[in-house]
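Colleague: sharing a sequence plus its predicted fold:
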Amino acid sequence: LIFFNKQYTMASFEYAFALIEILEGGYSENPGEGGGETYVGISRNAHPGWAGWHYIDEWECENGTPTYSFLWPELEINVKEFYRNNSWDAIWGDQFADQAIASYFFDWFLDSGEAAVDELKRVLKISPDTENFGPVMIQTINEMTNGFLADLHQCLLQFYKNCTDENPLIRKFLKGRLVR
């Protein structure tokens with residue numbers, strides 16, 4: 001588990017994003033990963049319309065294929081907007097009272113989307129029919145005690161074990177996923 005040493009009254013996107021930036025790195029193209037070409041975790045296969053791809057394509061035409069983890073500072077605003085609009089706002093991240101829980105779940109949601117939401121509901125012991133990140137779900141999250149992050153982590157471990165049992169080809173990415 002990642003430990004957080006900064007306190008916020010409500011969770012901060014800036015803090016959660018800073019962690020994602022570190023964890024995701026820069027440019028990557030791993031043929032075995034399924035997402036294809038990625039930039040700071042944004043997959044070209046899943047998000048071909050992201051504005052940053054145009055910039056990267058132009059850069060590649062002039063300079064060739066970028067090295068692994070290459071970063072373009074010019075794209076930081078595009079990356080931040082993408083993550084805020086497509087993920088942080090989707091999970092109502094600004095409404096989480098605990099930064100550690102918000103950041104942890106934000107990272108999981110980026111990787112697993114709605115499957116992570118289903119698992120979160122299971123850990124919260126709320127109905128699968130409960131509105132995703134509506135008032136009931138947010139209140140339930142914010143009422144959780146200190147042990148909740150450990151429960152969420154155990155759920156994530158089991159989730160990824162099940163994913164690799166179902167698809168052994170992704171097993172090679174499991175270690176990297178679990179050390180986050």
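Modeller: Good, I have the coordinates.
Colleague: and the gap between Gly93 and Lys161?
Modeller: 26 Å (CB to CB, to the nearest Å). C-beta: built from backbone N, CA, C; applies to glycine.
Colleague: who has more neighbours out of these two?
Modeller: Gly93 (24 against 13; other CB atoms under 10 Å).
Colleague: quick one: pLDDT of that one?
Modeller: Gly93 is assigned 96 on the pLDDT scale.
Colleague: same check on Phe159?
Modeller: 81.
Colleague: with Glu58 instead?
Modeller: 96.
Colleague: gap between it and Phe82?
Modeller: In terms of CB to CB, Glu58 sits 18 Å off from Phe82.
Colleague: what about Asp89, distance to Phe133?
Modeller: To Phe133, Asp89 is 9 Å away according to CB to CB.
Colleague: likewise Glu21?
Modeller: 23 Å.
Colleague: got the residue ranges for the strands in this structure?
Modeller: Applying DSSP state E to the chain gives strands spanning 27-29, 37-39, 42-43.
Colleague: with mean neighbour count and distance to Glu166 added, can I get the ones you listed in a markdown table?
Modeller: Formatted as a markdown table, the strands of the chain follow (neighbours: other CB atoms under 10 Å; distance: least, CB to CB, whole Å):
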| stretch | mean neighbour count | distance to Glu166 |
| --- | --- | --- |
| strand 27-29 | 18 | 24 |
| strand 37-39 | 23 | 22 |
| strand 42-43 | 18 | 20 |
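Colleague: out of those, flag the one nearest Ser69.
Modeller: strand 27-29 (6.5 Å; CB to CB).
Colleague: residues touching the closest one, excluding its own?
Modeller: Residues outside strand 27-29 that contact it (CB atoms under 8 Å, 6 or more residues apart in numbering): 36-39, 56, 65-71.
Colleague: distance of the closest residue to Ala115 other than its chain neighbours from Ile56?
Modeller: Setting aside the residues directly before and after it, Ala115 is nearest to Phe159 in space (CB to CB, 6 or more residues apart in numbering), at 7.3 Å. Applying CB to CB, the value for Phe159 to Ile56 is 31 Å.
Colleague: and if you look at Gln154?
Modeller: For Gln154, the distance to Ile56 - CB to CB - is 38 Å.
Colleague: between these two, tell me which one has more neighbours.
Modeller: Taking other CB under 10 Å, Gln154 and Ile56 do not tie; Ile56 has more neighbours (18 against 11).
Colleague: which ones are touching the more buried one?
Modeller: Residues counted as contacts of Ile56 (CB under 8 Å, 6+ apart) are 27, 39, 66, 72, 75.
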